[in-house]
Structure formats: C-alpha cells, structure tokens
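J.: requesting a structural model of the entry that follows:
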Amino acid sequence: MSLSVIGVQPTRAQESSNIAKQAQNPIARLISVPFENDFNPQTGIDKEDSYVLEMKPVVPLTLSKDWNLITRTIVPVIQVPDLAPGVNGKTGLGDISLSLFLSPAKAGRIIWGVGPIVSFPTATEDILGTKKLSVGPTVVALRSQGHWLYGALVYNLFSVAGPSARQDVNQMLMQPFVNYNLRHGWYLTSSPIITADWEKQRAERWVVPVGGGVGKIVHFEKLPVNIYTQFFRNAEYPDGTTHWSARFQMQFLFPKKG
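T.: Residues are numbered from 1 along each chain as shown. Reported below is the predicted structural model:
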C-alpha cells in the first residue's frame, strides 16, 4: 500500500491513518512485530493473577505476481498461579505456533488468506503447553470500507504426535475484529479471542469475551508503532478461570516504501 499520492507528500496524520489500517490487517504486506500482554486476574485456586506475553512477528513473502505468503509466528511466555491442589504455578515458554497464509497479491473487496497452522510442543513446563505436535487449517478474511475495517481469523488445531498420556488436542480459536478509524491515527477497536476446547465437557469448553478499547499510531523517530489497550468481560468461561481480562499491545511496524 502506497503512503503517498502523485505530487503530494502525505502529512503525518494521513500517514498514521493509512498505517493504522495496515496494522489492523493480520495479513497486510508489511513486516510487523507485535508484543501482546494479556492480564487475567483472579485465576486458579487462590484467585491470583496470570499473565501471557506473546511476541507475534508477521513477515510477508512474495511468491509470484499473483500470490503472497504471509508468515505469522506466536511465541508465548506464560505465568500461571496454582491452578489446583498439587498443580503449582509456573512461569516459562509456552507452545510456539506458526501460521502460513496464502493470499492474493491483488486485493479485492474481501482480503483473505488461507493455509496451515502448526503448534510445536516447546513449553518448558507441563502445565504451560500440550506436549503435543498439532496441526490444522487457518483462515482470515476482512474488508476495509471507509473508516471501518472488520473481519475474522479462525483456526482449529488437532494433535498428530506426542505422549499418549497427555490429552489429545482439538481446539478452536476465533478472533473477530472490528475497527473504526478516527483522525490522527486514533481508532476504536474490538478483537476478542473466543476459544473452544472440543475435548472438554460443554460447561468447561468455551471462553467468550465481550469488550473492546482504543488504539493509536505513534512514532518513535521515524518508526511507526501501533499501541492499543482493550478490556473484556467473559460471558462464558470455565471454573477456575477469570471472568474478565485486559490486553495491552505494542506493535512495531515496518511499512514498505513506495
């Protein structure tokens, strides 16, 4: 996406508005490195706080004049309190996942990408991961229309290898997102992460947050950075988990010139 028009150099505010839409697009053709911090209070048997810090670098690759490949890696660092009697809290690396989205180089009204996701059993502690190698399909679709950018990202993981003593993986994640872009790089946003563990009983299966927040494109010297914060109330959640959460993200952006 070009950040200038013929004969006119965009103002910083115009540039911020354009970059904001790129930052909100999970498969935009720009390198980005988000750091997402999720705060989950009153978790576990003692109602203590848990934290998840995720680094999510996104790197687009040109395959041909018609197709791009967008790679999205998620590296989580997790801190959990005591979850149950005899299940002590731990801090460490979680399972790393890699998504590969095949996407048309020329975007139409609907921007989309589809491909595989792989989750690797990299957790440093048993309770921080599945201990299973898991794979599955992932898809993202979105539309940019005026001030609005909206869409959804979905995947489902299935375990294919790992210790038989550990529970099989059959987990879905769906992240709808709606953004309303304002002037000077400000925007309103809602991007709840809805999860379902199909291996669990229905009462323990779903986490369904509802909420949103606000974000802004700022600049560190010439480097654009997307910052937002969101708050969610969980409409449905398993016993022992939190009924609300907060998310703060700082996303470093490296848009292409020209």
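J.: C-alpha only now, for contacts and for neighbours.
T.: Fine.
J.: contacting residues for the nearest residue to Thr122 once chain neighbours are set aside?
T.: Leaving aside its sequence neighbours, Thr122 sits nearest to Asp95 (CA to CA, 6 or more residues apart in numbering; 4.8 Å). Asp95 makes contacts with 75-76, 119-123, 128-130, as judged by CA atoms under 8 Å, 6 or more residues apart in numbering.
J.: isn't Val77 right up against Leu53?
T.: Yes - at 5.1 Å, Val77 and Leu53 qualify as touching, with contact defined as CA atoms under 8 Å.
J.: okay, the contacts of Asp95 in TSV with distance to Gln24 and neighbour count next?
T.: Converted to TSV, the contacts of Asp95 look like this (distance: CA to CA, whole Å; neighbours: other CA atoms under 10 Å):
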residue	distance to Gln24	neighbour count
Val75	19	18
Pro76	20	23
Ser119	24	23
Phe120	26	18
Pro121	29	20
Thr122	28	19
Ala123	29	20
Leu128	28	22
Gly129	28	19
Thr130	29	23
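J.: inside helices: which ones of those residues?
T.: Nothing among these maps onto helices, per DSSP state H.
J.: relative to Thr241, which of those residues is nearest.
T.: Leu128 (14.8 Å; CA to CA).
J.: thought the closest one was touching Gly92?
T.: Yes - the pair Leu128 and Gly92 qualifies as a contact (CA under 8 Å) at a distance of 7.3 Å.
J.: what's the distance between the spatially closest residue to Tyr180 that is not a sequence neighbour and Thr189?
T.: Take Tyr180 and drop its neighbours on the chain: the residue closest to it by CA to CA, 6+ apart is Trp148, 4.7 Å away. Distance of Trp148 to Thr189, computed by CA to CA, to the nearest Å: 10 Å.
J.: got a list of what Pro163 touches?
T.: Applying CA under 8 Å, 6+ apart to Pro163 gives the contacts 131-132.
J.: one step back: report the two of the contacts of Asp95 separated the most.
T.: Val75 and Thr130, at 14.5 Å, using CA to CA across the contacts of Asp95.
J.: what is the burial count for Phe254?
T.: When neighbours are counted by other CA atoms under 10 Å, Phe254 registers 18.
J.: what's the closest non-adjacent residue to Arg72?
T.: Per CA to CA, 6+ apart, closest to Arg72 is Val58, 4.5 Å.
J.: ok, Trp198 touching Gln171?
T.: Yes - at 5.9 Å, Trp198 and Gln171 qualify as touching, with contact defined as CA under 8 Å.
J.: quick one: contacts for Glu236?
T.: 206-209, 243.
J.: the same query, at a cut-off of 6 Å, please.
T.: 207-208 (CA atoms under 6 Å, 6 or more residues apart in numbering).
J.: and it, how close does it get to Ile194?
T.: 10 Å.
J.: rewinding a little: and Trp148 and Thr189? Which one has more around it.
T.: Neighbour count, other CA under 10 Å: between Trp148 and Thr189, Thr189 has more, with 23 against 16.
J.: now do the SS call for the closest residue to the more buried one other than its chain neighbours.
T.: In space, and not counting its chain neighbours, Thr189 is closest to Asn179: 4.4 Å by CA to CA, 6+ apart. Under DSSP: H, G, I helix; E, B strand; the rest coil, Asn179 falls in the strand class.
J.: kindly report the same for the one 10 residues further on.
T.: Using three-state DSSP, the structure places Thr189 in strand.
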